[in-house]
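**Student:** everything below, folded, please.
(one chain, ligands or ions: 1)
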Amino acid sequence: MTQSKFECPACGHPAPVYDHGRKRIWRHLHFFQYEAYLHARLPRTDCSKCNGPPKTKKPNWASERSCFSVYFEVFV
Ligand SMILES: [Zn+2]
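**Tutor:** Reported below is the predicted structural model:
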């Protein structure tokens, strides 16, 4: 069985998954008249090249420390 790998957020080297961090929630655009939220646990990589603590993969739907999706931020 092959292990999933992601690009290390720090150096870009392919790194195995360490774990999936805590569950995070982002506010997204309304779905019809209902509020919508994105729920996800982002993978953390264990990079042998960086040799530091596990690093959380950055979501491509939100800024790094934001709790709003990019579409929601543009709309507001
Ligand atoms: Zn790295």
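
**Student:** near the ion, which residues of the protein are found?
**Tutor:** Neighbours of the ion within the chain, by CB under 5 Å from the ion: 8, 10-11, 13, 47, 49-50. (Glycine included, C-beta is placed from N, CA and C.)

**Student:** where does pLDDT dip in this protein?
**Tutor:** 1 (pLDDT under 70).

**Student:** grab the most central residue of it for me.
**Tutor:** In the chain, the C-alpha closest to the average C-alpha coordinate belongs to residue 59, at a distance of 3.3 Å (CA atoms, centre = their mean).

**Student:** so that residue makes contact with residue 41?
**Tutor:** No: Residue 59 lies out of contact with residue 41 (CB atoms under 8 Å); the separation is 10.8 Å.

**Student:** could I have the helix or strand hosting residue 26 exported to PDB, CA atoms only?
**Tutor:** Element membership of residue 26, judged by DSSP states H and E, is strand 14-31. What follows is strand 14-31, C-alpha atoms only, in PDB (Å, rounded to 0.1, in the frame of the first residue of the first chain):
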ATOM      1  CA  PRO A  14       6.800  15.700  -1.200                       C
ATOM      2  CA  ALA A  15       6.200  14.600   2.300                       C
ATOM      3  CA  PRO A  16       4.100  11.800   3.900                       C
ATOM      4  CA  VAL A  17       1.000  12.700   5.900                       C
ATOM      5  CA  TYR A  18       1.700  12.900   9.700                       C
ATOM      6  CA  ASP A  19      -2.000  13.200  10.700                       C
ATOM      7  CA  HIS A  20      -5.000  15.300  10.100                       C
ATOM      8  CA  GLY A  21      -5.200  18.200  12.400                       C
ATOM      9  CA  ARG A  22      -8.200  19.500  14.300                       C
ATOM     10  CA  LYS A  23     -11.500  20.100  12.500                       C
ATOM     11  CA  ARG A  24     -11.800  23.600  11.200                       C
ATOM     12  CA  ILE A  25     -14.800  25.500   9.900                       C
ATOM     13  CA  TRP A  26     -14.900  28.300   7.300                       C
ATOM     14  CA  ARG A  27     -17.900  30.500   6.600                       C
ATOM     15  CA  HIS A  28     -18.800  30.300   2.900                       C
ATOM     16  CA  LEU A  29     -21.300  32.000   0.600                       C
ATOM     17  CA  HIS A  30     -25.000  31.400   1.200                       C
ATOM     18  CA  PHE A  31     -26.500  28.300  -0.400                       C
END
